[in-house]
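Visitor: Fold the following and give me the result.
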Amino acid sequence: MSIEIKNPKEDQYGNSKENIFLAFSDDGSYLGSAYTYPNINYHQAHETPYLIFIDIDIESNIDKLLKDEVKQKLFDKVFLRAKELQRERTDLKARIYSGFGYNNEKLDFYIKNGFDENYSIIMEADIEENPKYTFTEVEVTEINLSSQKELMEYSAIYNEIFISPLDVDALLEQSKEKHFKNLYFLVDGNIQGGCTIFEKDGYGYIETLYVLSEARGKGISKIIVKYIFNYFLSKNLNKTKLEVWELNKRAINLYKSFGYNEVEKNFMFPGITI
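Guide: The predicted structure is shown next:
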């Protein structure tokens, strides 16, 4: 059986048709698809800010040998396109990656094609009772998630900062956790950064912590951590935990400066720096 790989006739879901690949058999049967999507993100991957995502989806009703062949042909096409996108921004160091949950079969496939394993790092710290973590000149306000306007504003900020878009349903589910707070930190009425925190398994858990690009270099991230520690202590939580992408070196260094230590690694997704 011959396999034809071609682009769609039109752009799809906000992505350029040149970045999308469809696989068909010689009788016209659909076999699978792949796409790549470029994104520039200095917040989570400062050292490799040009992040080029690729994904492959194969039809489930075909036999394994054909699946393997289709997957490889789609990968070859989409990876070539990802490298073409990288060459459009040679001023930036790029990383091509594929996001999915842990799956041995998928991991083996990407490793075979030259990708490296990526991990998220679980970090923990003890919060000292003294000295208290205090600061001045920053206003802290809670985001009202029941307000559609505020939720949309927060979603726009989140999606600008983080690689994966905001999962609103997951956030609303988190809001049911004990001691949940979703906060903005402001100076002169302007948002500088924010965080999402709650109690999880007896730990003060940091889900997100971010600083807007225009506020970087002003010590806002340290102010946010100090506020979080003080808040956890007020809730009788003297242990804290978080999870951070291993490529986010700046965040890891920040957390280490507050006494966080790595306790575990979780597989995230494979990637290759080019």
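Visitor: residue contacts, the residue lying closest to residue 251 once chain neighbours are set aside?
Guide: The shortest distance from residue 251 to any residue other than its chain neighbours is 5.1 Å, reached at residue 244 (CB to CB, 6 or more residues apart in numbering). No exception for glycine: its C-beta is placed from N, CA and C like everyone else's. Residue 244 makes contacts with 120, 121, 123, 251, 252, 255, as judged by CB atoms under 8 Å, 6 or more residues apart in numbering.
Visitor: following the helix or strand where residue 244 lies, which helix or strand shows up next?
Guide: Residue 244 belongs to strand 239-245 when elements are defined using DSSP states H and E. The C-terminal neighbour of strand 239-245 among helices and strands, as given by DSSP H and E, is helix 249-257.
Visitor: Next, the angle from that next one to strand 239-245.
Guide: Using axes from the mean of the first three to the mean of the last three CA atoms, to 10 degrees, the direction of helix 249-257 lies 160 degrees away from that of strand 239-245.
Visitor: Which positions within helix 249-257 qualify as buried?
Guide: Under the neighbour-count criterion of 16 or more other CB atoms under 10 Å, helix 249-257 has 250, 251, 252, 254, 255 buried.
Visitor: what sits up against that helix?
Guide: Here helix 249-257 makes contact (CB under 8 Å, 6+ apart) with 44, 46-47, 121, 123, 125, 209, 221-222, 225, 242, 244-246.
Visitor: same thing with stretch 48-55?
Guide: Stretch 48-55 has contacts (CB under 8 Å, 6+ apart) with 34-42, 45, 75, 78-79, 82, 85-86, 89, 92-100, 163, 247, 273.
Visitor: mind running it again at 7 Å?
Guide: When contacts are defined by CB atoms under 7 Å, 6 or more residues apart in numbering, stretch 48-55 is touched by residues 34-42, 45, 78-79, 82, 85-86, 89, 92-99, 163, 247, 273.
Visitor: now stretch 5-24
Guide: Residues outside stretch 5-24 that contact it (CB under 7 Å, 6+ apart) are 3-4, 30-37, 70, 73-74, 77-78, 81.
Visitor: Out of those, which end up buried?
Guide: Buried members of those, scored by 16+ other CB under 10 Å, are 3, 31-37, 70, 73-74, 77-78, 81.
Visitor: re the thing from before, so what are the sheet partners of the strand holding residue 244 and their directions?
Guide: Using DSSP bridges, strand 239-245 pairs in its sheet with strand 119-126 (antiparallel), strand 203-211 (parallel).
Visitor: To residue 148, which of these lies closest?
Guide: strand 203-211 (20.3 Å; CB to CB).
Visitor: Quick check: residue 260 touching residue 121?
Guide: No - Residue 260 lies out of contact with residue 121 (CB atoms under 7 Å); the separation is 9.4 Å.
Visitor: Quick check: the nearest residue to residue 143 once chain neighbours are set aside vs residue 25, distance?
Guide: Nearest non-adjacent residue to residue 143, counting by CB to CB, 6+ apart: residue 182, 4.6 Å away. Using CB to CB, to the nearest Å, residue 182 is found at 49 Å from residue 25.
Visitor: When those two are compared, which one has more neighbours?
Guide: residue 182 (21 against 15; other CB atoms under 10 Å).
Visitor: Point out the other helices and strands that the one helix or strand the more buried one maps to packs with.
Guide: Following DSSP H and E, one finds residue 182 within strand 181-187. Contacts defined by 3 or more CB pairs under 7 Å, 6 or more residues apart in numbering; DSSP states H and E place strand 181-187 against strand 139-142, strand 190-200, helix 220-234.
Visitor: Could you dump the ones you listed into CSV with mean neighbour count and distance to residue 108 added?
Guide: Below are the helices and strands packed on strand 181-187 laid out as CSV (neighbours: other CB atoms under 10 Å; distance: least, CB to CB, whole Å):
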stretch, mean neighbour count, distance to residue 108
strand 139-142, 13, 45
strand 190-200, 20, 32
helix 220-234, 19, 38
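Visitor: Having no further points to raise, I will conclude here.
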